[in-house]
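from the sequence below, what's the structure:
(one chain, ligands or ions: 1)
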Amino acid sequence: MKQGSIQRLLYVSRITARAAGPLPSTMEDILVESHGRNAALGVTGFLWSDGVHFCQVLEGADAAVDAVFASILQDDRHKDVRLRLQEASSDRKFDRWSMCGMTLSDLDESVIDGGDLGGDLYLAPAEDVIAMLAHLCAVHGAALEAQHRRIVAATAGL
Ligand SMILES: Cc1cc2nc3c(=O)[nH]c(=O)nc-3n(C[C@H](O)[C@H](O)[C@H](O)COP(=O)(O)O)c2cc1C
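Alright, predicted model coming up:
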């Protein structure tokens, strides 16, 4: 890895039955678990779900991203984890939050062309998936900002 560069990692997975039922609370649990560790390791990113898949970008120092991803791979709240992209980069595209997450909304159906990228997350060019996630972060920036403040406050005493 070049001096001063970070690793950007994108993966897609399928939510397991145990996690899909209570998806909002699963999301909340994951974000709370993620915040402390990611913040300590300098990892940032974004987690998105269409109700069937998880799709997550992790950015940070090589070893930090590798360590977090190793834990994620072991997690039985999802399966069929497919690494879609792993690249060195000189800058972060998802630098605002230690981790933020959201599930597909009606609004996103119109933002995502045809509302059908979810079915193609395993096949669509990884750059397109990253661009979609970055776009969703921009569209939902204010709500995600509020979510992150809430998660930071909720984990402050842990
Ligand atoms: C979809 C998904 C995304 C996750 N993202 C993160 C993350 O960004 N950072 C993190 O520390 N844990 C994340 N987790 C939780 C980890 O899998 C794991 O439960 C947690 O890091 C504790 O790891 P440990 O049991 O190895 O200590 C995620 C889990 C899932 C299912």
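
show the contacting residues for the residue at minimal distance from the centre of the chain.
By C-alpha atoms, centre = their mean, the chain has its centre lying nearest to Leu47, at 2.2 Å. Applying C-beta atoms under 8 Å, 6 or more residues apart in numbering to Leu47 gives the contacts 27, 30-31, 34, 54-56, 99-102. Quick note: C-beta positions are derived from backbone N, CA and C, even for glycine.

change it to 10 Å
The contact partners of Leu47, taken as C-beta atoms under 10 Å, 6 or more residues apart in numbering, are 27, 30-31, 34, 54-58, 72, 97, 99-103, 133.

SS state for Gly157?
coil (DSSP: H, G, I helix; E, B strand; the rest coil).

now do it, the pLDDT please.
With respect to pLDDT, Gly157 has a value of 70.

hmm, back to that, which among the contacts of Leu47 are in contact with the ligand?
30, 34, 54, 56, 72, 99 (C-beta under 6 Å from any ligand atom).

closest one of those residues to Leu121?
Phe54 (9.2 Å; C-beta to C-beta).

that closest one against Trp48, yeah?
Yes - counting by C-beta atoms under 10 Å, Phe54 touches Trp48, with 7.4 Å between them.

and for these two, which residues touch both?
12, 27, 101, 103, 121.

in helices only, show me those residues.
Within the shared contacts of Phe54 and Trp48, membership in helices is found for Met27, as judged by DSSP state H.

is the residue nearest to the centre of the chain in a helix, a strand, or coil?
Leu47 ends up strand, using three-state DSSP.

how about the residues of this protein by the ligand?
Close to the ligand, as judged by C-beta under 6 Å from any ligand atom, the chain has residues 30, 33-34, 37-38, 47, 54, 56, 68, 71-72, 75, 77-78, 99.

try 8 Å this time
13, 15, 19, 26, 30, 33-34, 36-38, 41, 43, 45, 47, 49, 54, 56, 58, 68, 70-75, 77-78, 98-99 (C-beta under 8 Å from any ligand atom).

only C-alpha atoms, please: export stretch 50-59 in PDB.
The C-alpha trace of stretch 50-59 is given here as PDB (Å, rounded to 0.1, in the frame of the first residue of the first chain):
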ATOM      1  CA  ASP A  50     -32.500  -3.600   0.800                       C
ATOM      2  CA  GLY A  51     -34.100  -6.000   3.300                       C
ATOM      3  CA  VAL A  52     -32.500  -9.000   1.600                       C
ATOM      4  CA  HIS A  53     -28.900  -8.000   1.300                       C
ATOM      5  CA  PHE A  54     -26.300  -6.100   3.200                       C
ATOM      6  CA  CYS A  55     -23.900  -3.900   1.300                       C
ATOM      7  CA  GLN A  56     -21.100  -2.200   3.100                       C
ATOM      8  CA  VAL A  57     -18.100   0.000   2.400                       C
ATOM      9  CA  LEU A  58     -15.200   0.000   4.900                       C
ATOM     10  CA  GLU A  59     -12.400   2.500   4.600                       C
END
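
cool, thanks, talk later.
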